[in-house]
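Enquirer: mind looking at a prediction? Sequence and model below.
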Amino acid sequence: MKFAERMSRLGTENAFTVLAEVQKLARAGRDIVSLGIGDPDFDTPENIRNAAKAALDRGRTHYGPSAGTVELREAVAAYLTRSRGVEFHPDEVVITPGGKPILFHTILAVAEPGDEVIYPNPGFPIYESVINFAGARPVPMALVEKNAFGLDLDQLRRAASPRTRMIILNSPNNPTGGVLSRSDLEAIAEIAQEHDAWVLADEIYSEFLFEGGHQSITQIPGLKERTILLDGFSKTYAMTGWRMGYGAAPRAMAEKIAQLNTNSVSCTATFSQDAGVEALNGPQDAVRAMIGEFRARRDLAVAALNEIPGISCVMPKGAFYAFPNVTGACRRLGLQNAEEFQHAMLYDGSVAVLARTNFGSRNEGEDQEYVRISFATSREMLTEGLRRIRALIETRS
Ligand code: PLP
């Protein structure tokens, strides 16, 4: 069978591959603790589910506008205006089935052969995959442990060039839990302005912040005009399966995203969008409760990880992941790297974690081993998973 050449450049998200393997092992009777996937274990809050049911009963089952319903675009613009403290207009908002299409559509809309796109590394693997798919060159922006997974400014300055068409940032970050400081954002802003580049600010974890308030690059004067802000409902409202996300961008870019919607998915499900209006405008207590629980899990997980011989873990400031350094543990277990650690933990320890290389290739000079631990599971499961990791390391070393 023949496929287009571009398919050879398309990557994937291994979290889904590992999830499938975990489910296969579970079906075969194995008891696996999954600390792999970033899918909140909470149910979508009841008021949001009820809004979707009511919408279905009202007949909201037809096509809607490609850019999203007017009601939801208004609700998103109002939410962004109050949460970012920057004025957003409904015409700048495009609703998509999940946040992912905003990445896909905006990268395809601006990047082509000869262009470079800077992306966070470690980072969400879809960035690198789609940049390659578009025929552009992915250039990593290293996030380093010694800066609590903030920027290495010298490295970023070296990464930028007149060919830089777009800079992607993700704060709070998946997989490190790191948050970019105001001075990090200012440095990115300066480089974007110098090279007249777009900024794609993936702020999908903006509500998952354990210290201080969320800072958006759109707050820096002149930046909103060149930024596509990505956010959505998947994480904040535990709605991963609903496929509800959005972008906010200058009108010309919003129109391109909507046109790509028309060409690919037509629109986002209308009754889901009605539920999205309820999510943003209704009571937020369920969100606050979920974030409180994630904080408790983070504290528990980081304390437990730092007790394990050969593991050290920086305190994540946001998102719902820990990104421990497991170099010492690999050595104790006689393992070459974090991939072998992931394999040993799954098959011998019965606990699923994701190796650093699932989040981009190693940065230049990077010689430490890391894995991602997701808190998207109960405290009991998290404690049990970490107990298994510790047990395997202690019995084998
Ligand atoms: N961006 C980041 C950093 C993510 O971690 C994810 C999901 O894991 C997404 C975007 C995509 O979210 P969605 O499920 O809304 O498409």
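Expert: Structure received.
Enquirer: what secondary structure does the residue of the chain found nearest the ligand sit in?
Expert: Here the residue of the chain nearest the ligand is Gly98; by CB to the nearest ligand atom that distance is 2.9 Å. All C-beta atoms are positioned from the backbone trio N, CA, C, and that covers glycine. Gly98 falls in the coil class when you classify it by DSSP: H, G, I helix; E, B strand; the rest coil.
Enquirer: got the phi and psi for it?
Expert: Note on Gly98: backbone dihedrals following degrees, to the nearest 10 are phi 90, psi 170.
Enquirer: for stretch 212-227, buried residues please.
Expert: Along stretch 212-227, these residues count as buried under the neighbour rule (16 or more other CB atoms under 10 Å): His214, Gln215, Ser216, Ile217, Thr218, Ile220, Leu223, Lys224, Arg226, Thr227.
Enquirer: stretch 142-162 too?
Expert: Using 16+ other CB under 10 Å as the burial criterion, the residues of stretch 142-162 that qualify are 142-145, 147-152, 155-156, 159-160.
Enquirer: would it be right to say that Gln155 lies in a helix?
Expert: Yes - applying three-state DSSP, one finds Gln155 inside a helix.
Enquirer: residues in contact with it?
Expert: Met141, Ala142, Asn363, Glu364 (CB atoms under 8 Å, 6 or more residues apart in numbering).
Enquirer: what is the nearest of those to Gly282?
Expert: Among those, Met141 lies closest to Gly282 (CB to CB), at 36.8 Å.
Enquirer: ok, the residue nearest in space to the middle of the chain - contacts?
Expert: In the chain, the C-alpha nearest the mean C-alpha coordinate belongs to Asn174, at 4.8 Å (CA atoms, centre = their mean). Going by CB under 8 Å, 6+ apart, Asn174 touches Gly38, Gly123, Phe124, Ile204, Tyr205, Ala319, Tyr321, Phe359.
Enquirer: what secondary structure does it sit in?
Expert: Taking three-state DSSP as the rule, one finds Asn174 in the coil state.
Enquirer: circling back: surely the residue of the chain closest to the ligand meets Lys235?
Expert: No - counting by CB atoms under 8 Å, Gly98 stays clear of Lys235, with 10.7 Å between them.
Enquirer: which residues touch Leu19?
Expert: Contact partners of Leu19, counting by CB under 8 Å, 6+ apart, are Ser34, Gly36, Ile37, Ala352.
Enquirer: turn those residues into CSV, including pLDDT, distance to the ligand and neighbour count.
Expert: As requested, the contacts of Leu19 are exported to CSV (pLDDT from 0 to 100; distance: CB to the nearest ligand atom, whole Å; neighbours: other CB atoms under 10 Å):
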residue, pLDDT, distance to the ligand, neighbour count
Ser34, 93, 15, 22
Gly36, 89, 12, 29
Ile37, 83, 8, 19
Ala352, 95, 16, 23
